[in-house]
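**Student:** give me a 3D structure for the following:
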Amino acid sequence: MIVIMKRSIEVLLILLLQCITLYSQPYLSKDNYTGTWETPESWNPTWLSPQSIINGYNISINGFITANSNLSFTGTTSELIVHDTLVIKGDLVLDNNNDLTINDGGILIVRGNLTIGNQTRIVANGYFIITGNLIKASSINLGSFTSNDNPVKVFIGDSISSVGLTDNNPNYPVLNTVSPATIPYPNSAFAFGNTSDLMNDPIYSFFQTTCTTTTPTITADGPTTFCDGDSVTLTSSEGSTYVWSTGATTASINATAAGSYTVQVTDANGCQSLPSAAAMVDINALPLVTITSSSNAMCINDLRTLTGSPTGGTFMITDGPGTIAGNVLTASGTGNINLEYNYTGVCSSKATQSIIIAEKPIASAGPDQELQFVFETLMQAELTGSETGEWSLISGSGTFGDIHSPSTRVTELSLGENVFLWNVQNGNCDAGEEVIITVYDLVIPSVITPNEDGKNDYFIIPYNTIPAELTIFNRWGNIEFTNDNYENDWSGRNNNGTELTGDTYFYVLKFENGIIQKGSVLIKR
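**Tutor:** Purely as a prediction, here's the structure:
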């Protein structure tokens, strides 16, 4: 009898344990199955009436389950275990002693708030995304929030509403905002990430696939066809954040340029819509109108043909001394002529231009000059007190001491013609005149006949106004005669005064200005 009773007790214990096991975790989502929480077929065994308020039993998620309402775990101790993926399109409430475990590889997305009670334990070894607030129902910091990841895979879109969870509370290291033990996220700087951190995480693309945001609409507050310079306000349908194709991030924008406008809306749960195109805002661009003819200064009685773009517009003088005949402008006096070019297509626009009219100066560069083997001279231009002038080289060579002085000295002239321009400006008008300075070369004799007949007795250098050094060599390169300051007085004698025999001799002339002349001379007696 005792044996039978003992056996009966063992059977009852086994049955009781089985009942407790069945009661504590009766619902598991089907493995690798995609469905909704509210559909009985999502569950194994079939859950004839899926509940959103869970009291007293555990639930395991082994497939991709979407809950289209709030979920509450309350009352008797129970646990939500996520092995695969659970998306809650609402709030999740974990009351006292109701726990949550997200295993490695698991994903839990709460598109709303998470409320936790006292002694609620959360283990987030997979992804846990809360788009709203995390609310601790009591100020008592019992319970825990841990993870085996570094950095943790927890993202909170809004705030954490109870003090004591975000400091150094050892039970809540995932929520540490003071000195995280794990690698902090770059945007939040906390152990958990925020919305910006989520957008940079590999999970973000999957997170967006679970969104159900509708395509935003765009309305206009007035006509959407007008000319540049006018505008229309475009307003997007409701969202939490906005990103327009213009870069604006407000609900409404002021459209002032032609084209279509798109907006991407992010709702309170962090879901982004696809960009939505507004009806085409047909803003007719103002024609690009320019005056293409020169705006350089004119002088009295000058003529200028005016041109503008696009062609077909009309010119008018709004102010100033001038007349227009067709497209030809005549300057009739000094001052400023203000022009306006008007063009009308679908829209009208205009361009303006101001032209200075001044008296035209008279340029006087001075007389032409002829120089005999002289390579510098003084210029003789004229300049009045109200004018400015400038020398420039046209041909030949020459270096001015002061290019702006009418009487400057010019040096380093070349043999032959050296042509210079004296340009005079009076305000914005100018005039120029050329002056020619001709430098003639030396004609050095190639033969002397020192027979004292008064004809060709000396080695004469014409126009010898520049001091020169003369050296005479014989055909063997020996120096026969030298004179450091030659004065046209060599008559075919050497340095000793002895007559040189009739022959060909060679000379070197070194002038004070650095010019060297070489050649030969024949002595005929």
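**Student:** tell me which element G389 is part of?
**Tutor:** For G389, the element it lies in under DSSP states H and E is strand 388-395.
**Student:** how about that strand: buried residues?
**Tutor:** Applying a neighbour-count criterion of 16 or more other CB atoms under 10 Å, one finds G389, W391 buried in strand 388-395. The C-beta positions use only the backbone N, C-alpha and C, and glycine is treated the same way.
**Student:** mind giving me the packing neighbours of whichever helix or strand comes after that strand?
**Tutor:** Downstream of strand 388-395, the next assigned helix or strand under DSSP H and E is strand 399-400. Contacts defined by 3 or more CB pairs under 8 Å, 6 or more residues apart in numbering; DSSP states H and E place strand 399-400 against strand 409-411.
**Student:** what pairs with the strand it packs on, parallel or antiparallel?
**Tutor:** strand 377-378 (antiparallel), strand 399-400 (antiparallel) (DSSP bridges).
**Student:** quick check: which of those strands is nearest to G270?
**Tutor:** strand 399-400 (77.1 Å; CB to CB).
**Student:** element containing Y242, please.
**Tutor:** Assigned by DSSP H and E, Y242 belongs to strand 241-244.
**Student:** thinking again about what came up before, N70 is nearest to which of the strands paired with strand 409-411?
**Tutor:** strand 399-400 (94.2 Å).
**Student:** can you list contacts of the closest one?
**Tutor:** The contact list for strand 399-400 (CB atoms under 8 Å, 6 or more residues apart in numbering) reads M379, W391, T408, R409, V410, T411, E412.
**Student:** for the residues you listed, which one is nearest Q353?
**Tutor:** W391 (32.6 Å).
**Student:** so the closest one sits right up against L421, yeah?
**Tutor:** Yes. Here W391 reaches L421: they are 7.2 Å apart, a contact under CB atoms under 8 Å.
**Student:** might you list the low-confidence residue ranges for this structure?
**Tutor:** Flagging of the chain using pLDDT under 70 yields the residue ranges 1-25, 213, 277, 463-466.
**Student:** how about the helices of it, start to end?
**Tutor:** Secondary structure of the chain (DSSP state H): helices at 2-24, 195-199, 204-209.
**Student:** wait, doesn't T241 sit right on T266?
**Tutor:** Yes. Taking CB under 8 Å as the definition, T241 is a contact partner of T266 at 4.4 Å.
**Student:** tell me which of the two has more neighbours.
**Tutor:** Under the criterion of other CB atoms under 10 Å, the comparison of T241 against T266 puts T266 first, with 18 against 15.
**Student:** contact partners of stretch 75-85?
**Tutor:** Here stretch 75-85 has contacts from 24, 29, 32, 54-65, 71, 73, 86, 94-95, 97-103, 105-109, 126, using CB under 8 Å, 6+ apart.
**Student:** my bad, stretch 426-436
**Tutor:** 296-299, 356, 358-369, 379, 381, 386-387, 394, 417-424.
**Student:** what sits against the closest residue in space to N148 that isn't next to it in sequence?
**Tutor:** Nearest non-adjacent residue to N148, counting by CB to CB, 6 or more residues apart in numbering: N125, 4.8 Å away. By CB under 8 Å, 6+ apart, the contact list for N125 reads T101, I102, N103, D104, G106, S147, N148, D149.
**Student:** ok, the strand holding Y242: who's next to it in the sheet?
**Tutor:** Neighbouring strands of strand 241-244 in its sheet, by DSSP bridges, are strand 262-266 (antiparallel).
**Student:** CA-only coordinates of the partner strand in CSV, if you can.
**Tutor:** Provided in CSV are the C-alpha atoms of strand 262-266 (Å, rounded to 0.1, in the frame of the first residue of the first chain):
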residue,chain,number,x,y,z
THR,A,262,10.1,66.3,-53.0
VAL,A,263,9.9,65.7,-49.3
GLN,A,264,10.8,62.8,-47.1
VAL,A,265,8.9,62.6,-43.8
THR,A,266,10.0,60.7,-40.7
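**Student:** tell me the gap between it and the middle of its chain.
**Tutor:** 26 Å (CA atoms, centre = their mean, to the nearest Å).
**Student:** which other residues reach that strand?
**Tutor:** 213, 216, 218, 236-245, 272-278.
**Student:** what subset of these is buried?
**Tutor:** 213, 216, 218, 236-237, 239, 242-244, 272-273, 276, 278.
**Student:** break the chain into its domains for me.
**Tutor:** Residue ranges for the domains of the chain, per automatic domain parsing: 23-209, 218-284, 290-358, 369-440, 447-523.
**Student:** right, and C211 touches C271 too?
**Tutor:** Yes. C211 lies in contact with C271 (CB under 8 Å); the separation is 3.1 Å.
**Student:** got a list of contacts for stretch 457-470?
**Tutor:** With contact meaning CB under 8 Å, 6+ apart, stretch 457-470 is reached by 372-374, 442-445, 448-451, 481-492, 507-513, 521.
**Student:** let me have the contacts of N125 in CSV, extended by neighbour count and distance to W476.
**Tutor:** Shown next, in CSV, are these (neighbours: other CB atoms under 10 Å; distance: CB to CB, whole Å):
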residue, neighbour count, distance to W476
T101, 19, 119
I102, 24, 115
N103, 16, 116
D104, 10, 111
G106, 21, 114
S147, 21, 110
N148, 12, 110
D149, 15, 106
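**Student:** could I get these in CSV, plus columns for distance to P50?
**Tutor:** Putting these into CSV (distance: CB to CB, whole Å) gives the following:
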residue, distance to P50
T101, 20
I102, 21
N103, 22
D104, 27
G106, 20
S147, 29
N148, 31
D149, 31
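**Student:** of those, which pair is most distant in space?
**Tutor:** Across the contacts of N125 (CB to CB), the longest gap, 13.7 Å, separates T101 and D149.
**Student:** out of the strands paired with strand 409-411, nearest to A191?
**Tutor:** strand 399-400 (79.3 Å).
**Student:** please compute how far that closest one lies from its chain's middle.
**Tutor:** Counting by CA atoms, centre = their mean, strand 399-400 is centred 46 Å from the centre of its parent chain.
**Student:** repeat that for stretch 244-260.
**Tutor:** 21 Å.
**Student:** specify the beta-bridge partners of S252.
**Tutor:** T235.
**Student:** please renumber the chain so that the first residue is 22 from this point on.
**Tutor:** Got it, the first residue is 22 from now on, which makes the last one we talked about S273.
**Student:** mind listing what it touches?
**Tutor:** By CB under 8 Å, 6+ apart, the residues touching S273 are T254, L255, T256, S257.
**Student:** residue contacts, the third one?
**Tutor:** Translated: T256. Contacts of T256 by CB under 8 Å, 6+ apart are I239, T240, A241, D242, A272, S273.
**Student:** that older thread, from T167, how far off is the residue nearest to N169?
**Tutor:** Distance of N146 to T167, computed by CB to CB, to the nearest Å: 9 Å.
**Student:** over to S99?
**Tutor:** 19 Å.
**Student:** of the two, which one has the most company?
**Tutor:** Using other CB under 10 Å, the more surrounded residue of S99 and T167 is S99, with 20 against 15.
**Student:** doesn't G410 make contact with L404?
**Tutor:** Yes. Between L404 and G410 there is a contact under CB under 8 Å: 4.9 Å.
**Student:** so what sits against both of those two?
**Tutor:** Shared contacts of L404 and G410, defined by CB under 8 Å, 6+ apart, comprise P427, V445.
**Student:** for the protein, which residue occupies the most central location?
**Tutor:** Geometric centre of the chain, nearest residue: G268, 16.3 Å, by CA atoms, centre = their mean.
**Student:** most tightly packed of the domains of the chain?
**Tutor:** domain 44-230 (a mean of 18; mean count of other CB atoms under 10 Å).
**Student:** distance to N348 for the contacts of S273 - can I get that in TSV?
**Tutor:** Conversion of the contacts of S273 to TSV gives the following (distance: CB to CB, whole Å):
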residue	distance to N348
T254	43
L255	43
T256	48
S257	50
